[in-house]
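Q: Predicted model, plus sequence, below.
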Amino acid sequence: MAHAVLLLLGLCLGLALLARAHPLQDIALSSHNERIVGGYETHIAVFPHQISLRRKGITTPKNAFSHICGGSIINKDTVITAAHCIIATVPSQYKVVAGTSRRNGNDGIIVSVSEIVMHEKYNPNTYDNDVALLRLSSPLPLNNFNIKAIELTSEDAADGDMSTITGWGTTQAGGTVSDQLRAVDVPIVSNEICDEAYGGDRITAGMLCAGVLGEGGKDACQGDSGGPLIINNKLHGIVSWGASCALPTHPGVYAKVFYYLDWIKSKVQLA
């Protein structure tokens, strides 16, 4: 009996460590897929690179598009997001909504996706190389107010750097979603310390971690997947996965933009 209990606890822990990376499961799992924990309400004019990625099922064409992940504008024709947000789907299932502070708002600019470029080495089991580009069917009207491309970092983040994460995710694991864009400020945690928390060499060179170790309470959560982690107004991370949300023992994990800079530049012309 005791052996069975230990096996069950191990299985639950394994699921918790993966859950944040399954946006299609929405609230049932702890993916970075729904709302910021421990943050504050903000406005799209403060983070004009943020977009809402909205999806509908390919077998339910009459359904409305609904928010599934975040993303960031990197030029007028391209959005960057997480590979786990778009795996096993087609471009016609998506709309990119820019220039709105509302998760379900229709006051922004709505553009179709013409092509999905997922990292060729994305691993859905480990979430390594969790990065994808969305090419848009028409250019976004960049106006430097509520629709603006973000600059990609040209240097690595350092342990302790303060980052800001934005999105429409839940305020706690499995919690309710927010219609208003939210932000949270969280320090970077070194990959070495982060890997000690997760164990098993799970944190790769293509990952970046952020969290308040020993304290918790601040993190991305369900619905934030694919959204930005920024430092000094430059894009450093893409919301990827983690253990539940805002735990004091486990930082959130992000795709490291600096690591993928050459890959991104090989796929898209940046300003």
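A: Received the coordinates, thanks.
Q: After the lowest-mean-pLDDT helix or strand in the chain, which helix or strand is next? Please name it.
A: Lowest on mean pLDDT, DSSP states H and E among the helices and strands of the chain sits helix 2-18, with a mean of 41. Heading C-terminal from helix 2-18, the first helix or strand you meet, by DSSP states H and E, is strand 40-41.
Q: what's in contact with that next one?
A: 180-184 (CB atoms under 8 Å, 6 or more residues apart in numbering). For glycine as for every other residue, the C-beta is placed from the backbone atoms N, C-alpha and C.
Q: Which parts of this structure are helices?
A: Applying DSSP state H to the chain gives helices spanning 2-18, 83-86, 191-198, 261-267.
Q: List the contacts of the last one.
A: Right, helix 261-267. 74, 80, 117, 119, 131, 133, 152-154, 257, 270.
Q: Are any of those buried, and if so which?
A: Among these, those classed as buried by 16 or more other CB atoms under 10 Å are 74, 80, 117, 119, 131, 133, 152-153, 257.
Q: would you turn those into CSV with pLDDT and distance to residue 245?
A: Shown next, in CSV, are the buried ones among the contacts of helix 261-267 (pLDDT from 0 to 100; distance: CB to CB, whole Å):
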residue, pLDDT, distance to residue 245
74, 98, 26
80, 98, 22
117, 98, 29
119, 98, 25
131, 98, 21
133, 98, 26
152, 98, 26
153, 98, 25
257, 98, 22
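Q: which among the residues you listed gets closest to residue 196?
A: residue 257 (23.4 Å; CB to CB).
Q: Just want to check the distance between the closest one and residue 90.
A: Distance, residue 257 to residue 90, by CB to CB, to the nearest Å: 26 Å.
Q: can you check residue 148 too?
A: Using CB to CB, which is the criterion applied here, residue 148 is 28 Å from residue 90.
Q: Which of the two has more residues huddled nearby?
A: residue 148 (19 against 10; other CB atoms under 10 Å).
Q: and that one, what is it in contact with?
A: The contact partners of residue 148, taken as CB under 8 Å, 6+ apart, are 48-49, 73, 142.
Q: so where is this protein shaky, pLDDT-wise?
A: Filtered on pLDDT under 70, the chain yields the residue ranges 1-35, 271.
Q: Show me how it divides into domains.
A: Structural domains assigned to the chain are 47-149, 150-261, following the TED database.
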